[in-house]
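sharing a model that was predicted from the sequence below.
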Amino acid sequence: MKKIIKSKVFLILSALVVTAIGGFFIWTQLTYHSVDEPTIPVDNQISVEDDWLLFGDPNSQIGIILYPGAKVEPDAYAYIGQELAKENLFIAIPHVTLNIAILDVSKANEIISTYKDVNWFVGGHSMGGAAAAMYADKNIDQVHGLILLGAYASDNDTLTNSKLPVLSISGSNDGLSTPAKVDEKKVFLPDEADFVEIEGGNHAYFGVYGEQSGDNPADISIKKQQETIIDTITHWIKEQKQ
């Protein structure tokens, strides 16, 4: 009798585990796709290399790897990639495992090992920014800087005490990576990190994929927020070259 009970309990627990795994997988596939936004047209000059979207000249001196936010498709950041490429930057945006960047932190190794002559910065939006910070922390000698978009770093081993250039761009109306949370997590970045808050900006407008659950409405247009992001990154990169 005890064996029968144990067997039934095992089968029930196994079924629950399988159901949970299946539910998680389905959740990861319900992604945010890019949406058409007439004010910020994408010219579709995108190169696809394996599961990477590439923008610009691979012979550029500086490149940026941009991890997408959780469940956000890479092409939602195509406008940022396109416009930064016009500043002679090489931009690489990956598809990540199960659309969750923290499950694929080492993804940047693929592009860094392929384009070895590029001085790489790593960055990301939301959970993608957290993944980028994890990558920078473990590969501090391979990257030239970290860019956080509506994101923050967590506890780390080497990043806090490093001299790595860091740019954090946040939105005052962000309902997910809130101003309070960004401020709280400053302690996990180098003292010299640069912080820029976009007044009226929200979480979803760091990409172009519509509204996001848990976010707050923006007080500025998506065009204004996207242009501010692009201008801020461009000027900050130029400062690092001096």
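Sure thing, it's come through. Since the model is a prediction, treat every value here as computed from it, not as a measurement. Residues are numbered from 1 along each chain as shown.

okay, CA-based contacts and neighbour counts for the rest of this
OK.

tell me which stretches of the protein form helices.
2-29, 78-85, 108-114, 127-138, 179-184, 222-241 (DSSP state H).

other SSEs contacting the last one?
Helices and strands touching helix 222-241, by 3 or more C-alpha pairs under 8 Å, 6 or more residues apart in numbering; DSSP states H and E, are helix 78-85, strand 166-171.

need the ones you listed in a markdown table with mean neighbour count and mean pLDDT, can you?
Putting these into a markdown table (neighbours: other C-alpha atoms under 10 Å; pLDDT from 0 to 100) gives the following:
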| stretch | mean neighbour count | mean pLDDT |
| --- | --- | --- |
| helix 78-85 | 23 | 97 |
| strand 166-171 | 25 | 98 |
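
E49 is nearest to which of the ones you listed?
helix 78-85 (14.7 Å; C-alpha to C-alpha).

and the most centrally placed residue in the chain, how far from V187?
Among the residues of the chain, the one closest to the centroid is G124, at 2.2 Å (C-alpha atoms, centre = their mean). Going from G124 to V187 by C-alpha to C-alpha, to the nearest Å gives 19 Å.

could you do S221 as well?
Counting by C-alpha to C-alpha - S221 and V187 are separated by 31 Å.

now Q212
28 Å.

give me the neighbour count for V105.
V105: 21 surrounding residues under other C-alpha atoms under 10 Å.

list the contacts for it?
Counting by C-alpha atoms under 8 Å, 6 or more residues apart in numbering, V105 touches 131-132, 134-135.

of those, closest to K86?
Nearest to K86 among the contacts of V105, with distances taken as C-alpha to C-alpha, is A132, at 23.1 Å.

that closest one contacts W120, doesn't it?
No. In this structure, A132 is not within contact of W120 by C-alpha atoms under 8 Å, at 11.9 Å.

tell me the pLDDT of L11.
L11 carries a pLDDT score of 48 in this model.

low-confidence ranges in the chain?
Counting by pLDDT under 70, the chain has low-confidence residues at 1-30, 241-242.

fine, thanks again, bye for now.
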